[in-house]
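A.B. asks: Provided below are the primary sequence and the corresponding predicted coordinates.
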Amino acid sequence: MSTKSILKESSLTFLENYLNNSSPTGYEAEGQKLWMNYLKPYVDTFITDTYGTAVGVINPDAPFKVVIEGHSDEIAWYVNYISDDGFIYVIRNGGSDHMIAPSKRVHIHTKKGIIRGVFGWPAIHTRNKDKEITTRIDNIFIDCGCETKEEVEKLGIHVGCVVTYPDGFEVLNENKFICRAIDNRMGGFMIAEVARLLKENKKDLPFGLYVVNSVQEEVGLRGAEMITQTIKPNVAIVTDVCHDTNTPMIDKKIEGDLKMGKGPVIAYAPATQNNLRELIVDTAEANKIPFQRHASSRVTGTDTDAFAYSNGGVASALISLPLRYMHTTVEMVHRDDVENVIKLIYETLLKIENNETFSYFK
């Protein structure tokens with residue numbers, strides 16, 4: 001299978017629509033509907049759960065179950081306080097970065113629809129040059145053009161409304177995808193593409209495949225924690241993003257040496273099952289798929305951890321996509337890496353044998 005043939009125009013149209021849709025943690029349902037609609041021709045059935053995780057299932061009656069997984073939520077803010085003069089203060093919903101907030105446009109989600117606003121900031125002329133103000137969670141604020149608290153509330157804004165950035169999908173220099181929420185709706189896109197390729201290439205798997213788009217990863221892997229108890233899988237291959245460490249101000253001695261364009265990143269961590277990971281490495285080498293390695297000290301910080309330590313232990317592995325500027329509105333990945341993650345997951349599935357335990361004690 002040629003890498004060049006992987007992404008179709010219809011795939012990229014879906015990707016753009018999916019990334020541009022807001023799916024903040026706890027409010028992923030609209031994005032999940034887009035995802036399920038795209039995936040529908042390639043799976044036999046769907047599972048959804050109470051909090052919105054969506055699962056496309058191939059061979060639902062098979063006793064041996066393999067999961068491929070990404071997460072669907074994006075970081076956001078919650079309205080936390082509205083001042084008497086109409087300024088809105090926020091708290092995090094996930095790992096939102098206060099440093100990038102000033103001068104960003106925002107969407108405030110209300111029952112009346114989206115209300116637009118901006119994160120304001122004092123002009124450079126008005127700030128003390130000898131004692132520069134730094135952004136903090138308690139001094140960033142949203143201005144939606146209102147002069148009083150009552151005006152804000154009249155728009156339908158109240159404490160608990162969720163706030164997202166509207167920044168959309170673009171392609172830079174032909175092969176760099178940029179957008180907010182690439183972490184990790186790109187994962188949901190990539191696993192959907194794996195399902196599409198299996199269908200279009202008429203590959204019949206000997207096991208049940210569960211294509212899982214989890215919710216609430218950004219607040220503690222919660223969606224994966226719930227759905228793994230529902231599915232009770234035997235194997236889980238998770239895809240998420242990791243840091244491209246070749247941009248300025250990153251210490252490779254701490255963060256490792258990873259670069260977008262050089263291939264998928266295979267994780268080494270206690271939660272990654274060694275035999276499953278080595279199958280992925282062998283698959284990459286056999287198919288001449290470029291890859292990189294990354295070591296995590298105690299946890300991967302991804303849904304891999306939730307799957308691995310569930311149900312008495314599930315053989316789990318992590319294949320990551322190198323990404324620049326994580327948790328900003330200009331997250332950036334390389335198209336070649338996207339295609340190679342898809343290819344690596346696809347080829348690995350074809351190598352997994354039915355009822356394979358990956359036991360160390362055979």
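C.D. replies: On my side now, so go ahead.
A.B. asks: Show me where the stretch 201-350 of the chain has its strands.
C.D. replies: 208-214, 235-243, 265-268, 292-295, 315-323, 331-334 (DSSP state E, counting those that start in this stretch).
A.B. asks: mind checking which of the ones you listed is nearest C179?
C.D. replies: strand 331-334 (6.3 Å; C-beta to C-beta). Where you see a C-beta, it was placed from the backbone N, CA and C, and this is true even at glycine.
A.B. asks: Averaged pLDDT, the closest one. What do you get?
C.D. replies: Strand 331-334 shows a mean pLDDT of 98.
A.B. asks: before we move on, what about stretch 12-29?
C.D. replies: Mean predicted confidence for stretch 12-29 is 98.
A.B. asks: for stretch 246-259, same thing?
C.D. replies: 98.
A.B. asks: what separates the lengthiest helix in the chain from the chain centre, distance-wise?
C.D. replies: Longest helix in the chain by number of residues (criterion: DSSP state H): helix 182-200. For helix 182-200, the separation from the chain centroid amounts to 12 Å (computed by C-alpha atoms, centre = their mean, to the nearest Å).
A.B. asks: ok and that helix relative to strand 235-243, angle-wise?
C.D. replies: 140 degrees (axes from the mean of the first three to the mean of the last three C-alpha atoms, to 10 degrees).
A.B. asks: Report the buried residues of helix 182-200.
C.D. replies: Judged by neighbour count (16 or more other C-beta atoms under 10 Å), helix 182-200 contains these buried residues: 182-198.
A.B. asks: on that earlier part again, can you tell me which of the strands of the stretch 201-350 of the chain comes nearest to T348?
C.D. replies: From the strands of the stretch 201-350 of the chain, taking C-beta to C-beta, the stretch that ends up closest is strand 235-243, at 6.6 Å.
A.B. asks: Return that closest one as PDB; C-alpha atoms alone will do.
C.D. replies: This file holds the C-alpha atoms of strand 235-243, laid out as PDB (Å, rounded to 0.1, in the frame of the first residue of the first chain):
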ATOM      1  CA  VAL A 235      -5.500  -5.600  23.100                       C
ATOM      2  CA  ALA A 236      -5.400  -1.800  22.800                       C
ATOM      3  CA  ILE A 237      -3.400   0.300  20.400                       C
ATOM      4  CA  VAL A 238      -3.700   4.000  21.300                       C
ATOM      5  CA  THR A 239      -2.800   7.000  19.200                       C
ATOM      6  CA  ASP A 240      -2.200  10.500  20.600                       C
ATOM      7  CA  VAL A 241       0.200  13.300  20.000                       C
ATOM      8  CA  CYS A 242       3.600  13.900  21.500                       C
ATOM      9  CA  HIS A 243       6.000  16.900  21.400                       C
END
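A.B. asks: hang on, the earlier thing: E74 is nearest to which of the strands of the stretch 201-350 of the chain?
C.D. replies: It's strand 331-334; of the strands of the stretch 201-350 of the chain, that one is closest to E74 (C-beta to C-beta) at 9.8 Å.
A.B. asks: elements contacting the closest one?
C.D. replies: In terms of contacts (3 or more C-beta pairs under 8 Å, 6 or more residues apart in numbering; DSSP states H and E), strand 331-334 is packed against strand 176-179, helix 182-200, strand 315-323.
A.B. asks: would you turn these into TSV with mean pLDDT and distance to Y38?
C.D. replies: Below are those laid out as TSV (pLDDT from 0 to 100; distance: least, C-beta to C-beta, whole Å):
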stretch	mean pLDDT	distance to Y38
strand 176-179	98	17
helix 182-200	98	6
strand 315-323	98	19
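A.B. asks: Just give me the residue closest to the centre of this structure.
C.D. replies: Nearest residue to the geometric centre of the chain (C-alpha atoms, centre = their mean): N184, 1.2 Å.
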